[in-house]
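Novice: Got a sequence here, can you model it:
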Amino acid sequence: MNTAADIWKRHFPTAASGVHLFPEFEERAKAVSAEVFRVPTAADARETLIRLVEAAQVKKAVVVESPFQRAAGVTEALRSRGVTVYTEPADIAAHADTADIGISGVEFGIAETGSVFQDGYAIATRLVTILPPLHVVFLPSANIVPGITEAFEIISQSFDRGYIGFITGPSRTADIERVLTIGVHGPSRLAIIAVDEEPKGGDA
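Specialist: Prediction:
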């Protein structure tokens with residue numbers, strides 16, 4: 001089965017999409033309490049991540065590696081700072097519920113809603129996305145589509161089965177007496193690190 005990570009470029013509506021939509025995406029993402037950091041290079045992305053990790057006093061991380069993470073040396077940087085890092089699916093399954101941070105890649109952002117789209121076919125990706133209190137995603141800053149319609153056009157040409165996710169800010173619910181609560185059904189923080197530099201070694 002093809003995934004969005006494998007073939008998104010083949011179906012991306014380049015004429016209507018791109019980095020020019022990033023300001024709208026950023027504004028809408030921040031409006032739903034996402035933290036957005038746009039950086040020029042993978043090295044800058046690593047430094048941004050380290051600042052987040054140090055501020056949150058992270059001790060344990062679960063990481064689904066993407067070309068951006070590998071280009072930035074994320075795993076090595078975390079371990080050099082004393083963070084215990086798990087990257088193997090079995091280890092992620094065992095430790096995601098007690099990890100301080102989950103790190104993953106996403107395929108593209110949606111300007112209309114400030115959401116990011118993630119191929120969630122692998123169970124490790126879904127665990128990293130929903131269980132740790134802080135979820136950090138790496139996004140190519142040029143991979144922004146105008147709206148939900150364009151997103152589903154890409155997805156319809158890429159998927160015939162599996163799991164996908166639209167992530168819009170941190171987890172929130174108002175089920176109990178209509179009082180908004182953050183972080184009950186998922187992460188209480190979502191940080192998006194958008195990178196201008198194209199990753200080496202494959203698609204993000």
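
Novice: show me what contacts residue 126?
Specialist: Residue 126 makes contact with 120, 163, 165, according to CB atoms under 8 Å, 6 or more residues apart in numbering. Glycine gets a C-beta too; all of them are placed from N, C-alpha and C.

Novice: Now neighbour count too, for the residues you listed, in CSV please.
Specialist: Written out in CSV, the entries for the contacts of residue 126 read as follows (neighbours: other CB atoms under 10 Å):
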residue, neighbour count
120, 20
163, 13
165, 16
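
Novice: nearest to residue 52, of these?
Specialist: Proximity of the contacts of residue 126 to residue 52 (CB to CB) peaks at residue 165, which lies at 21.0 Å.

Novice: these two touch, right, that closest one and residue 129?
Specialist: Yes - here residue 165 lies in contact with residue 129, judged by CB atoms under 8 Å, at a distance of 6.4 Å.

Novice: what about the helices in the protein?
Specialist: 4-11, 22-31, 42-55, 67-72, 74-80, 89-95, 123-130, 148-156 (DSSP state H).

Novice: which other residues reach the longest one?
Specialist: What that stands for is helix 42-55. Residues from elsewhere that reach helix 42-55, judged by CB under 8 Å, 6+ apart: 37, 39, 61, 68, 71-74, 77-78, 81, 83, 101, 103, 134, 136, 138, 191, 193, 195, 197, 199.

Novice: Of all the residues in that helix, which ones are buried?
Specialist: Buried residues in helix 42-55, counted by 16 or more other CB atoms under 10 Å: 42, 44-46, 48-50, 52-53.

Novice: Give the buried residues for stretch 147-167.
Specialist: 150-151, 154-155, 158-159, 164-165, 167.

Novice: now, which of those residues sits nearest residue 31?
Specialist: residue 167 (14.5 Å).
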